[in-house]
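Visitor: Following is a predicted model, sequence given first.
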Amino acid sequence: MRTRIAFWSIVLPAVNVASVVAEAQVPSAPVEVRVPYVPILVTGADGAAHLAYELHVTNVHASTGILSLDRLEVFGGRDASALVTYGVAELDERVMHADAERETRLRHSRAVESGRRAVAHVWVTAPTTEAERLRDLTHRLVFIDDKGREQLVDDVPLHVGRRAPPVLATPLRGGLWLVHNGPGNHLSPHWGSVVAWNGRTTVPQRFAVDFIGLDENGGAVRGDFRTSANQDWVGFGAEVVAVADGVVREMQDGVIDHAPLVEPDPPAVLTAAALYGNHVVLDLGSNTFVHYAHLQRNSVTVNVGQRVRRGQVLGRLGNSGNTNAPHLHFHVSDSASFGGSEGDPFVIDSFDLIGETTAERAITEGAALDVSPTPKRSRHRQLPLDGMIVRFP
């Protein structure tokens, strides 16, 4: 906790003096802490204001040894109390090493070896009435070295961008949709995908969503999912539409749809063509690009350079590319390419919040809707969050 000395006090409490002395004795950690992405404040469908970004932590010197991140605190403006405090348990889930194999224990590890970089994923939330507290942040990081001693990095600043997220129409027409692998206060496979590309380290899918179609009972598959075909999945073949007027910057069609629950081979390169399968990328202007991936084979209706209107059909939901089940992968970034782009938040102009569920429940035959009580189901200009069931008009 930060200690604030009030100048009008005649006698300072002893505990505050001890805290200041103790903090002064903690040596500075020989690390570099950077925030490459300037986050954008967004209102979620939970009614709160959110920020998502990453701290890149580099253990600079070869002689330092291993430093383990033991505590991370985020402060708003001049606040004495932290907006967010991550201890050991939370950091074990939030600190990643992009160069480690996904299956190894080093993929998620608070330990930063000499000459290595780790990425800490931070999610900050505040009531919308207090959103201005999130405009200027500072960070404190406490490390433990390999001899058990504390080392400190304090007052790492972050000035939040003032631009607003784009307001989009719905990318799908009607029905119920599960927001899977979506944004939220946990590390999804999308947010956890840090990409090094042509001299930059970025997170293209920071706010990406996998929309899975549901029936009125909350089920994603008709019949037994273990023996299902693509046509048995509720969302397969649904029309995918333009969320705004724009220009087609990339498209691909003709890639086969996988059978459900079949893991494709890992892509050889991190490009849209290799990852997305059949896809469309729309340019909305102002460095805003909308990515639609995994479309059905031979369903794409537009060409590169074509101008499209909001609500125009672009293709149909499929199961092509780097995927193992029918869904629409949807995200917004600052570039038409995948590598080197930064994922940005967006809001949808109008939708209904129905409840919450998980992908595991949704693919089970006879899954029942988990409808959470909400004072107002209609949502306007908000970001759907992970696990939510939404209804599009």
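Guide: Nice, thanks for sending it over.

Visitor: Can you tell me how far Asp265 is from Ser193?
Guide: Applying Cβ to Cβ, to the nearest Å, the value for Asp265 to Ser193 is 17 Å. Placement of C-beta: from N, CA and C, glycine included.

Visitor: of these two, who's got more company?
Guide: Each of Asp265 and Ser193 has its neighbours counted (other Cβ atoms under 10 Å); Ser193 has more, 18 against 6.

Visitor: Contact partners for the more buried one?
Guide: Residues in contact with Ser193 (Cβ atoms under 8 Å, 6 or more residues apart in numbering) are 203-205.

Visitor: Can I have the buried ones of those as a PyMOL selection?
Guide: PyMOL command restricting the contacts of Ser193 to the buried ones, with burial defined by 16 or more other Cβ atoms under 10 Å:
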select buried, resi 203+204+205
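
Visitor: could the contacts of Ser193 be laid out in JSON lines, adding secondary structure and distance to Phe338?
Guide: Conversion of these to JSON lines gives the following (DSSP: H, G, I helix; E, B strand; the rest coil; distance: Cβ to Cβ, whole Å):
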{"residue": "Val203", "secondary structure": "coil", "distance to Phe338": "11"}
{"residue": "Pro204", "secondary structure": "coil", "distance to Phe338": "5"}
{"residue": "Gln205", "secondary structure": "coil", "distance to Phe338": "9"}
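
Visitor: The contacts of Ser193 into JSON lines, with extra columns for pLDDT?
Guide: Shown next, in JSON lines, are the contacts of Ser193 (pLDDT from 0 to 100):
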{"residue": "Val203", "pLDDT": "97"}
{"residue": "Pro204", "pLDDT": "97"}
{"residue": "Gln205", "pLDDT": "97"}
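
Visitor: quick check, nearest of the contacts of Ser193 to Ala82?
Guide: Closest approach to Ala82 among those (Cβ to Cβ): Val203, at 23.8 Å.

Visitor: what's that closest one in contact with, if anything?
Guide: Going by Cβ under 8 Å, 6+ apart, Val203 touches 37, 54, 191, 193-195, 342-343.

Visitor: now for those residues, which pair is the farthest apart?
Guide: Spatially, the most separated pair among those is Tyr37 and Ser193, at 13.5 Å (Cβ to Cβ).

Visitor: Which parts of the stretch 251-393 of the chain are strands?
Guide: Assigned by DSSP state E, counting those that start in this stretch, the stretch 251-393 of the chain shows strands spanning 278-285, 288-295, 307-308, 313-316, 328-333, 343-344, 347-348, 351-356, 378-379, 388-391.

Visitor: before we move on, what about the stretch 1-150 of the chain?
Guide: All strands of the stretch 1-150 of the chain, identified by DSSP E, counting those that start in this stretch, fall at 31-34, 42-43, 48-59, 67-76, 84-86, 95-96, 111-112, 117-127, 136-145, 150-159.

Visitor: what's the most buried one of those?
Guide: Greatest average neighbour count among the strands of the stretch 1-150 of the chain goes to strand 95-96 (a mean of 23), per mean count of other Cβ atoms under 10 Å.
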